[in-house]
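Enquirer: Could you look at this predicted model? Sequence included:
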Number of protein chains: 4
Amino acid sequence: MAETSVGEMATEENNNADALVTSIDPLHPANHICTLCYQFYGHGWVTGTGGGISIKHGNHVYLAPSGVQKELMKPQDIFVMDYVTKQYLRRPPVYKPSACTPLFMSAYTTRGAGACIHTHSQWAVLVTLICEAGLQGDDRGVFAMKEIEQIKGISRGGTGSQEIAEGGRKLGNLGYFDTMKIPIIENTAHEEDLEESMSQAMQEWPETCAVLVKRHGVYVWGKDVAQAKTQCESLDYLFQLAVEMHKLGLKWV
Amino acid sequence: MAETSVGEMATEENNNADALVTSIDPLHPANHICTLCYQFYGHGWVTGTGGGISIKHGNHVYLAPSGVQKELMKPQDIFVMDYVTKQYLRRPPVYKPSACTPLFMSAYTTRGAGACIHTHSQWAVLVTLICEAGLQGDDRGVFAMKEIEQIKGISRGGTGSQEIAEGGRKLGNLGYFDTMKIPIIENTAHEEDLEESMSQAMQEWPETCAVLVKRHGVYVWGKDVAQAKTQCESLDYLFQLAVEMHKLGLKWV
Amino acid sequence: MAETSVGEMATEENNNADALVTSIDPLHPANHICTLCYQFYGHGWVTGTGGGISIKHGNHVYLAPSGVQKELMKPQDIFVMDYVTKQYLRRPPVYKPSACTPLFMSAYTTRGAGACIHTHSQWAVLVTLICEAGLQGDDRGVFAMKEIEQIKGISRGGTGSQEIAEGGRKLGNLGYFDTMKIPIIENTAHEEDLEESMSQAMQEWPETCAVLVKRHGVYVWGKDVAQAKTQCESLDYLFQLAVEMHKLGLKWV
Amino acid sequence: MAETSVGEMATEENNNADALVTSIDPLHPANHICTLCYQFYGHGWVTGTGGGISIKHGNHVYLAPSGVQKELMKPQDIFVMDYVTKQYLRRPPVYKPSACTPLFMSAYTTRGAGACIHTHSQWAVLVTLICEAGLQGDDRGVFAMKEIEQIKGISRGGTGSQEIAEGGRKLGNLGYFDTMKIPIIENTAHEEDLEESMSQAMQEWPETCAVLVKRHGVYVWGKDVAQAKTQCESLDYLFQLAVEMHKLGLKWV
């Protein structure tokens, strides 16, 4: 009987890889990423190929490619990585993997996230600029806000997977009288060089579900894509409100 | 003859409950709530699962659930409560009832409303912050504005059901030279705890069609969903204009 | 032979009236008004039933009704008036004619316009507030701007129907170095009471294509609906730019 | 055999010309220009017939006409010019060619661009006004910004067609620590009179992918339409951020 030729093996491998991004289910990660990127473009979060999103689906990590127009993405454009081996299971030849990949992976490994969103939202950038200049207080490395209802949309720790923290303290969402604190890390020349400081911030701030990057944007994660998205929306709302409050001469805390 | 088994009864009950949210009429409350939530998301009123809406249809009160992405809501997600018995006639098992429920009920019982909208609009929040800080005058418990044409879109009392007020005075919409006054109540740690102060504000301010909640948002009602929606739009317009006027150093009254 | 009964006459009249708003042509005034109102709602021009639009089609004047949600309008909702007799040829029984009607008619009779748009745009209102307070100069009755490219989108006189003005001077659009001047009239308690001052402004300012109403909005006309719409867009752009320039401490002229 | 009559020749010429704008491919320049203009209208870039776009496809230059509502454009409305002979291959009789045409041609001839976008974005205009007034430094003829992540979306030279510049220096996109500089030229009474100063700026600033026109807007080009569009988005983002930074009292460099 005929042996399978190398050409046939490559074809079969390609078919398997394509199967990873082929589904009629609109909530399949490959479809969902495209729908969300279109929506995020409308929010001004992924302007001019900036920003991105990743979803973890079992041991498959779905990633938007680098440098593409996010509002035009198709499922075929998406990279898939094996969470355990860190090898690409699918790699569209015409694109480069996103420089955000190690940062998304940090959210999965360090925080047990199920999805992670990166935006270049101007409100996020402006908040880091106000903090950098010390215009809202001396602590320039953290964005803090309290007594705004929308803070209740933000979880402690950013993932609901650990309902009880190590010390036995109950987690859940922030309350109205809690102070929300989001760490701000320095930007680097190359996005992948943020990995170390991002991981460090994730460990030093176990209750945050986001990390602001100075003059750059924000990374927000959640236990699943719905929580990542709604937390990203709530944070963006709070960043915008904070900028407007600052213009009116009002304090955030 | 065969008796109806418990299982069959439960099934029949479920069928009846589902019938409450099943209609091909786009203006049926279950469909209308979904369309409006999608539209409100675009206005920034229900970002990140915040805000909500309720419609009273005869003795059936339709309610959006707690903690869902409002722009993605489906008729099947909606709770239905009996207005008289306050019992749920339909309760989707995967969701929790909205914490706004007692506040929406206050608008129905205290003010004879037919629909009530709750937004987290940043303009509403900013107006309460400006008032709280006393930046537009000493009366920090009320938002007041006059001589802006859009004020004519706001009814006295918020419902057209009582064309003549108790004292025999004709109601109707505010005039251009009237002063619009919207009370501002303190926020609480839990939304349902707003019930008492909200009811009190509704009684103390018989001409208002809305109550602002400090650092939180606004509740707006009307005799029907069209009036609730258009009043909510007019108020949001006035809140935004008020913030812009304040930035320009102009007085609201 | 049977005479036509009164009932049959009324039916025939209704049929004729309905024919005035029934067409499959998307540019037929009855359809076009609905499309434009939907678009204007997105611009924030007709929030909460405010604002409106009218198109003159031969001797038929098409008018959006009073107090309706503009983004939901249907051709059947539209009033049609005979331009010569000023009688309604079609009058939907459930609606009231718009209070803007006499103002739209002024644009037709005084200026030979083919369409007129009325918006409650916040930028228009803010510009009148800045002028009222004398923050951009002593002439509080006119909004003036120059040396902004978009001014070239504004015609002298607002209609292209008279290419040569009475004095033999060529009309056309404003140039970059021309000063655009839009008169501002006082608001009144009732919109129809604006008719006299609006007509007066139209006569005193033969080169304007718009009249601002203090604390209310703007009326913009053109020789046809395309010119009215593009001029309304250009003016709204200029009003917004003017507010932003004012915030930055920059002069309009 | 029958000779071809003049009438038949004219018809054949028209048919050939129409073939230039007839395609079912959504990325064909004639279709793509229409889709993009619709999208740009939503961004506020081409309000009231302002702004425009051109795509070079081989030796065919596609151009949006002058004075049309950009969001309503159809492929049949588009002009096609031969890049070599500068003759129109297709010229819709009802429209005038855009006054931007010589400026788009400059981007093609001077910079080897494949597409060029012109916007009247208010953020671009406000940036030129801030520079003109010397509010961000003494160099009033250039907009400069650094250490903002989105700068990495801007290429050196605006086209990727010359990966190596004349001096052997590698081109590519700007880095985070690079200073982005966009020249600002004076506006003129007639848009076509910008040609000389635009060409001069393109030659004096070989690393820019855009030229700002004072009190007017911006021209942005790229090696292809995707790069022109994403650079235009990134620049618009940076112009908006710059205005917001200025309001907060922050320096751009």
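Expert: Yes, it's here. All values derive from a computational prediction rather than experimental measurement.
Enquirer: Any idea what the residue most central in space within chain A is bridged to?
Expert: Nearest residue to the geometric centre of chain A (C-alpha atoms, centre = their mean): A:Ile117, 2.3 Å. Counting by DSSP bridges, A:Ile117 forms beta bridges with A:Ile53, A:Val220.
Enquirer: quick one: it and A:Gly217 touch, right?
Expert: No - using C-beta atoms under 8 Å, A:Ile117 is not in contact with A:Gly217; the gap is 10.0 Å. Every C-beta, even on glycine, is put in place using the N, C-alpha and C of the backbone.
Enquirer: ok now do the residue nearest to the centre of chain A, which residues does it touch?
Expert: A:36, A:40, A:45, A:51-53, A:219-221, A:228-229, A:232 (C-beta atoms under 8 Å, 6 or more residues apart in numbering or on different chains).
Enquirer: returning to what we had before: which residues are common contacts for A:Ile117 and A:Gly217?
Expert: A:Gly51.
Enquirer: all helices of chain A, in order?
Expert: Ranges of helices in chain A, per DSSP state H, are A:6-19, A:29-43, A:101-111, A:122-132, A:195-204, A:225-247.
Enquirer: do you know which of these lies nearest D:Thr101?
Expert: Proximity to D:Thr101, assessed across the helices of chain A by C-beta to C-beta, is greatest for helix A:29-43 (30.2 Å).
Enquirer: Hmm, A:Asp236 is touching A:Thr119, no?
Expert: Yes - at 7.1 Å, A:Asp236 counts as touching A:Thr119 under the criterion of C-beta under 8 Å.
Enquirer: Where does the stretch 151-253 of chain A get nearest to chain D, residue-wise?
Expert: Closest approach of the stretch 151-253 of chain A to chain D (C-beta to the nearest C-beta) occurs at A:His216, with a separation of 3.8 Å.
Enquirer: Model confidence at that residue, what's the number?
Expert: As predicted, A:His216 sits at a pLDDT of 98.
Enquirer: how near is it to D:Gly48?
Expert: 35 Å (C-beta to C-beta, to the nearest Å).
Enquirer: Those two: who's more crowded?
Expert: A:His216 (27 against 24; other C-beta atoms under 10 Å in any protein chain shown).
Enquirer: what number of residues lie near A:Gln69?
Expert: Neighbour count for A:Gln69, taken as other C-beta under 10 Å: 16.
Enquirer: List the residues that contact it.
Expert: For A:Gln69, the contacting residues are A:49, D:226, D:229-230, by C-beta under 8 Å, 6+ apart.
Enquirer: Enumerate the residues of chain A near chain B.
Expert: Those residues of chain A that sit near chain B, judged by C-beta under 8 Å from any C-beta of the partner chain, are A:147-150, A:153, A:175-177, A:226, A:229-234, A:236-237, A:240-241, A:244-245, A:247-250.
Enquirer: doesn't D:Ile151 make contact with the residue of the stretch 151-253 of chain A closest to chain D?
Expert: No - the criterion here is C-beta under 8 Å, and A:His216 misses it with D:Ile151 at 10.4 Å.
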